[in-house]
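Chemist: Fold the following for me, if possible:
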Amino acid sequence: MSFIKEILLAVRSLRRSPVFTLAAVAALTLAIGANTTVFSVVKALLNVPIPISEPDRVAFLFSDNQERNLVQGPMSVDDFLDIREATTTSFEGVSALTLQAFSVVGAGDPVRIQGSLASPGFFKLTQQNMTMGRGFLDHEGTPGRNRVTILGYGFWQQQMGGDPAAIGKTINLDGINHEIVGVAEDGFFFPTPQTLLWTPLVLDAGRTARDQRTLFGLGRLREGVDSTTASTEMATIASQLELEYPETNEGWTASTQTISENLFQGVSFAVALLYGAISLVLLIACANVANLLLARSISRERELALRSSLGAGRARLVRQLLIEAATLSLVSSFLGLVVAFWGVELLRNWIAPAPGVGFIAAQIQLDGGVVLHSAAVAGVSALLFGVLPALQMTGGNLVLALRDGGRGGSGGPRRRWLRSGLVAGEVAMALALLLTSTALIRAFNSIYEADPGFEPAGLVAADLALPDVGYEEPEQRIRFFEELVLELSTTPGVEFVASTTVLPLTLPPGPGSVRVVAEGEEVDDKDSTPNALDVVVTPNYFDTMKIQLTRGRNFTEVDRADSDRVAVITESMVKRHWPQTDPIGRRLRIERPGQLAAQQAAAGADADGAGWVTVVGVVEDVASHSHSLRTPTRTPQIFLPLAQTPSQAMTVVARATGDDPLVLADALRSAVWNIDSTLPVDNARTVEQAIARI
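Modeler: Coordinates of the predicted model:
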């Protein structure tokens, strides 16, 4: 009963000081609410659903080349097959997969989606059950017998309405009919959250060169084997391959990392930084409340002295003051949960639409663990801001304070020292938080203020991929995109329109896609490391994107398949190859992965028909990769005309004359379907929206 009386006494005491109580509760509510909200995010990040059974036993198989600063990269088909054959002690089974986009017809409206090619053992290795149907059979990994597909649960629901008779039906993927043999379980999306279907991966030894690295391996570790042991075996096999195939494998090794390790390798630091920052905010709030308590103690000296003279010991007085602190903390914790509820809803609504991370939104919630954390934070906060003031307020001669009328009898110098220490600590924490926040803000500002080399405002874009059927010949692909550009250019509200294989700022980080060598340069013919990005464009691309031409000319209609092969390059490529010379009229050789320089030099052209090209123009550097704005250097780029380098997949970009470029999205779709009504128009969006998603 005495404890209840002490609680009621604490409530009455706080009610007598409404200004102090409101200020303390407001500070603690915001701090606890923010801390709880951030903890819900931290908890979600540390418990990201991994849609694979025993993710600690399933590991990625990577190719690494430390000399070229390439780690955790893909491997070639032949390297994977040799590793699969040679590994005997580390893995129960090994599979391979790669990403691929598909144009889908026959399952609702035509769409362009992200899928994956996976070797037949993939679903067995990941131990995935099917909602309907089955996984891949072994023979379905052979040419001609791989025209089957397994649908993701979300795709089955959205595009086929959850058709219970879907098994056995066919859908058209890139112009080829595939039989639906299975529907994956709800929540399975490996290897990326955007993966909506799977088709069998055909692994033909010798079909591609060993330096054409496009596959990621996946293996299930044997019981008792960890990723370090498996990496050692992989490295040993890679060393043997290096000796057997020095032309393509020199300097290359192999490693493994479990899916759990790979997922959380960059999360731990980010989580610690995020939670550390919000914990500083909580500490600052506690210091503020502690100072308020010390300031309030001056008016309470006579009260405490009177209670002491009536027989209350120091322990009882300290307990009463701590109960007051706990009451403040309890009320603030309840209100903080209300703040956190709105904060969590705001975060979930913000994250949910984001591609690649939207699936985490469902994990951000105020569950029991988060509520318990909030209660623990409230308890710790009460101790942090309550103990020292309580000890200080009861540590002096209270009887003397009563005799002197409450003028400094209660340890005035010590109290001033404590208040000064709290203020100093508060300032130090605030300064640390300010410096960290300033650094982050400056980093973000440097990204947003950096010149990307083009003007994204006013642009609308959509992705198109032509199927193999109906567009087998290069001339058919060229004609389609040229007709599309011509039709869109006459649309009201369109200033410029062009097509490109690379939309600036939307690529993931990487060294590039091709190796470019200038005529007359001495190079290592064994080195096929990409050093540039090749981009196929139509005329008017530079005008559409507002990329500044600094020398020479743009592409024109005269740059056709039967004319001299030409290219436009960026300033960074000029600095690499001709820092003191005019590059116009100079020649470059383009080497694509999987083709050795010696072979190209003998043939004079690579398999795509792009060997030696003549530089006819130079443009300002353009930020191509998602990390480009964070670094002072830009990936060198070489632009090629569509008429000389036909492409099957391109992004159509139109610059609007009005303020809202998205109004052109319908016109873009209509223009495509006027030419071919079966083509999916994928991901129509403004370029600013595309950049915001990176």
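Chemist: use CA for all of it now, contacts and neighbours both
Modeler: Will do.
Chemist: And the closest residue to residue 139 other than its chain neighbours, how close does it get to residue 618?
Modeler: Distances taken as CA to CA, 6 or more residues apart in numbering place residue 145 nearest to residue 139, at 7.0 Å, with adjacent residues excluded. From residue 145 across to residue 618, the span is 48 Å (CA to CA, to the nearest Å).
Chemist: okay, those two: which has more neighbours?
Modeler: residue 618 (25 against 12; other CA atoms under 10 Å).
Chemist: which of the residues in stretch 488-496 are buried?
Modeler: 488-489, 493-496 (16 or more other CA atoms under 10 Å).
Chemist: what does stretch 95-103 give?
Modeler: For stretch 95-103, by 16+ other CA under 10 Å, it's 95-99, 101-103.
Chemist: Secondary structure of residue 159: a helix, I assume?
Modeler: Yes: under DSSP: H, G, I helix; E, B strand; the rest coil, residue 159 sits within a helix.
Chemist: Can you tell me the number of residues neighbouring it?
Modeler: Other residues close to residue 159 by other CA under 10 Å number 16.
Chemist: pLDDT score for it?
Modeler: pLDDT recorded at residue 159 is 85.
Chemist: Equivalent analysis for residue 531, please.
Modeler: Predicted confidence (pLDDT) for residue 531: 79.
Chemist: right, and it touches residue 515 too?
Modeler: Yes: with contacts counted by CA atoms under 8 Å, residue 531 reaches residue 515, the gap being 5.0 Å.
Chemist: Dihedrals phi and psi, residue 127?
Modeler: phi 60, psi 50 (degrees, to the nearest 10).
Chemist: which secondary structure elements does the helix or strand hosting residue 22 contact?
Modeler: Here residue 22 sits within helix 18-46, counting by DSSP states H and E. Judged by 3 or more CA pairs under 8 Å, 6 or more residues apart in numbering; DSSP states H and E, helix 18-46 is in contact with helix 2-15, helix 267-309, helix 314-351, helix 368-393.
Chemist: now with 10 Å?
Modeler: helix 2-15, helix 259-264, helix 267-309, helix 314-351, helix 368-393 (3 or more CA pairs under 10 Å, 6 or more residues apart in numbering; DSSP states H and E).
Chemist: How many residues are close by the residue nearest to residue 589 when sequence neighbours are not counted?
Modeler: In this structure, residue 589 finds its nearest non-sequential neighbour in residue 612, 4.4 Å apart by CA to CA, 6+ apart. Neighbour count for residue 612, taken as other CA under 10 Å: 25.
Chemist: Residue 612 contacts residue 518, doesn't it?
Modeler: Yes: in terms of CA atoms under 10 Å, residue 612 counts as a neighbour of residue 518; the distance is 9.2 Å.
Chemist: any shared contact partners between those two?
Modeler: Listed as contacting both residue 612 and residue 518 by CA atoms under 10 Å, 6 or more residues apart in numbering are 586-590.
Chemist: re the thing from before, quick one: common contacting residues for residue 531 and residue 515?
Modeler: Counting by CA under 10 Å, 6+ apart, the contacts common to residue 531 and residue 515 are residue 591.
Chemist: Among the buried residues of stretch 488-496, which are located in strands?
Modeler: 494-496 (DSSP state E).
Chemist: pLDDT weak spots in the stretch 451-600 of the chain?
Modeler: Within the stretch 451-600 of the chain, the segments meeting pLDDT under 70 span 507-512, 523-529, 593-600.
Chemist: those strands in it, which residues are they?
Modeler: Taking DSSP state E, counting those that start in this stretch as the test, the strands found in the stretch 451-600 of the chain are 459-465, 494-500, 515-518, 533-537, 549-552, 566-570, 587-591.
Chemist: Okay then, goodbye and thanks.
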